[in-house]
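> Sharing a sequence plus its predicted fold:
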Amino acid sequence: MRDVAARAGVSVATVSRTLAGNYPVSDETRTRVMAAVESLHYVVNVHAKALSGRVAGPVALVVKDITGPSLAHVAAGVEQEAAVRGRLSLVCATHDDTAREDDLVQLMREQHAAAVLLVGGVTPDEAYTARMAGYAQALDAAGSRLVLVGRPPVAPGLPVTVVDYDNRGGAFQAAAHLLTAGHRRILFLGGELGLTSSDQRRSGYRDALRAHAAEHVEDLDTSGTYTRSSGYVRTRDALRARLEFDAVFAASDMVALGALAALREAGLDVPGDVSVVGFDDVPFATDLTPPLTTVRVPYEELGRTAVRLALEREDRIAGDDHVVLSTQLVIRQSVRAPS
């Protein structure tokens, strides 16, 4: 700013007033100052403004992996809502490294982030709960807000906002749809044991079996990663082991993609021989052959809601810091019609 003042032939205070726009300055002075700003490529020191409370902090999204289609849609929702509110959005990846997550949360405190959004299923053990409590208190002390997206709430009384979606109910709908179509032996390609989202989807699947008086077969209840290769290998192995099943419930659309490949490789028709449902409703679900029946998760709305609740928390009534969004079964052509 001193350089700008010297170039324009005015005081530093005049430069500050001109740029802030909160003090009357003559047109001739404003023209000289702005010409100096442009010629010197001057930019405002955002960190200094943040320390003085005169700039809106960014919204930080912290995810395990930025390549997954569902997380990309959460990020899109965050960016859209942040942009509407005049905020910059930052996206960071932890690669499932808790030490890196610690570092990123601390970095966001130093960057005066208005909110830090942690996204994705977790193992809710004591260590995790303690870390979230530490994050929440540290961010709150810095005037920021911890938001858990697609994660369960932690201890009551902590300054945390939780935005989740109905995993269990969505899985119940998907399994019930297969059972209503007449299927009784459903190969469940679930997520990793212990992860909150995976366990909730498995619970929904088992709830549907009980509700329809269908037997739960341990060999058909499998766990693994939410990847195409995992879906392919588990379906292929079930076929090689000659397990009897007439439907597949893949707990993510990426897993369903692998299952479809294994079934096709075995010469089985979908849905003629085996019905398939997925979970997520990622964009490619409609382009598969056949188009995939799946559970739609409102990922973009998760991102938008998380930002909105974090930035508007002073204007809301108490008790509105834990929101669960609904999921929806989208019926396409991968499940046979009831006989």
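Cool, the structure landed. Keep in mind that what you see is a predicted model, and the values were worked out from it rather than measured.
> Could you report the distance from residue 283 to residue 149?
Separation of residue 283 from residue 149 (CB to CB, to the nearest Å) stands at 20 Å. C-beta: built from backbone N, CA, C; applies to glycine.
> Tell me which of the two has more neighbours.
For residue 283 versus residue 149, neighbours defined as other CB atoms under 10 Å are more numerous around residue 149 (26 against 11).
> how many neighbours does the residue nearest to that one when sequence neighbours are not counted have?
Excluding its sequence neighbours, the residue lying closest to residue 149 (CB to CB, 6 or more residues apart in numbering) is residue 119, at 4.4 Å. Residues lying near residue 119 (other CB under 10 Å) number 25.
> what are the ranges of the helices in the stretch 51-200 of the chain?
With helices called from DSSP state H, counting those that start in this stretch, the stretch 51-200 of the chain shows them at 69-84, 98-110, 126-141, 167-180, 196-211.
> in the fourth one, what's buried?
Read that as helix 167-180. For helix 167-180, a neighbour-count test (16 or more other CB atoms under 10 Å) marks 167-179 as buried.
> Need the residues that contact stretch 195-210.
120-124, 150-152, 167-176, 179, 186, 188, 190-193, 214-216, 221, 223, 249, 251, 279 (CB atoms under 8 Å, 6 or more residues apart in numbering).
> Determine which two of the buried residues of helix 167-180 are furthest apart.
167 and 179 (18.5 Å; CB to CB).
> re earlier: mind putting the buried residues of helix 167-180 into a markdown table with pLDDT and distance to residue 96?
Formatted as a markdown table, the buried residues of helix 167-180 follow (pLDDT from 0 to 100; distance: CB to CB, whole Å):
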| residue | pLDDT | distance to residue 96 |
| --- | --- | --- |
| 167 | 96 | 20 |
| 168 | 97 | 24 |
| 169 | 97 | 27 |
| 170 | 97 | 24 |
| 171 | 98 | 23 |
| 172 | 98 | 28 |
| 173 | 98 | 29 |
| 174 | 98 | 27 |
| 175 | 98 | 28 |
| 176 | 97 | 33 |
| 177 | 97 | 32 |
| 178 | 97 | 32 |
| 179 | 97 | 35 |
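> could the residues you listed be laid out in TSV, adding distance to residue 233?
What follows is the buried residues of helix 167-180, written out as TSV (distance: CB to CB, whole Å):
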residue	distance to residue 233
167	23
168	26
169	29
170	24
171	22
172	26
173	27
174	21
175	22
176	27
177	25
178	22
179	26
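> out of those residues, which one sits closest to residue 95?
residue 167 (23.5 Å).
> Of the buried residues of helix 167-180, just say which sits nearest to residue 141.
Nearest to residue 141 among the buried residues of helix 167-180, with distances taken as CB to CB, is residue 167, at 32.2 Å.
> Tell me which residues touch the closest one, please.
Contact analysis of residue 167 by CB under 8 Å, 6+ apart lists 197, 200, 201, 204, 327.
> Please list only the buried members of those residues.
197, 200, 201, 204, 327.
> pull the helix or strand with minimum mean pLDDT from this protein.
Ranking every helix and strand in the chain by mean pLDDT, DSSP states H and E puts helix 46-51 at the bottom, with a mean of 50.
> got any ranges where this protein has weak pLDDT?
Residue ranges of the chain with pLDDT under 70: 22, 44-56, 314-320, 339.
> and it, what are its domains?
2-43, 59-165+299-325, 167-297 (automatic domain parsing).
> if I look at the nearest residue to residue 321 once chain neighbours are set aside, how far off is residue 309?
Leaving aside its sequence neighbours, residue 321 sits nearest to residue 161 (CB to CB, 6+ apart; 4.7 Å). Applying CB to CB, the value for residue 161 to residue 309 is 5 Å.
> Relative to residue 38, how far out is residue 67?
Applying CB to CB, the value for residue 67 to residue 38 is 40 Å.
> Next, residue 245: secondary structure please.
Three-state call for residue 245 (DSSP: H, G, I helix; E, B strand; the rest coil): coil.
> ditto for residue 225
What three-state DSSP gives for residue 225 is coil.
> How about the contacts made by it?
Counted by CB under 8 Å, 6+ apart, residue 225 has contacts 191, 192.
> What separation do you get for it and residue 251?
Taken as CB to CB, the span from residue 225 to residue 251 is 10 Å.
> Could you name every residue contacting both of those two?
residue 191.
> Sketch out the strands for the stretch 201-339 of the chain, chain order is fine.
Along the stretch 201-339 of the chain, the stretches classed as strands by DSSP state E, counting those that start in this stretch are 221-222, 247-250, 275-277, 294-296, 322-325, 328-330.
> strand partners of the first one, parallel vs antiparallel please.
Strand pairing for strand 221-222, using DSSP bridges, gives strand 186-189 (parallel).
> Run the chain-centre distance for the strand it pairs with.
Taking CA atoms, centre = their mean, to the nearest Å, one finds strand 186-189 lying 25 Å from the centre of the chain it belongs to.
> same thing with stretch 185-204?
18 Å.
> Tell me the buried residues in it?
Counting neighbours by 16+ other CB under 10 Å, stretch 185-204 gives 186-192, 195-202, 204 as buried.
> Stretch 138-158 now?
Going by 16+ other CB under 10 Å, stretch 138-158 has these buried residues: 139, 142, 144-152, 154, 158.
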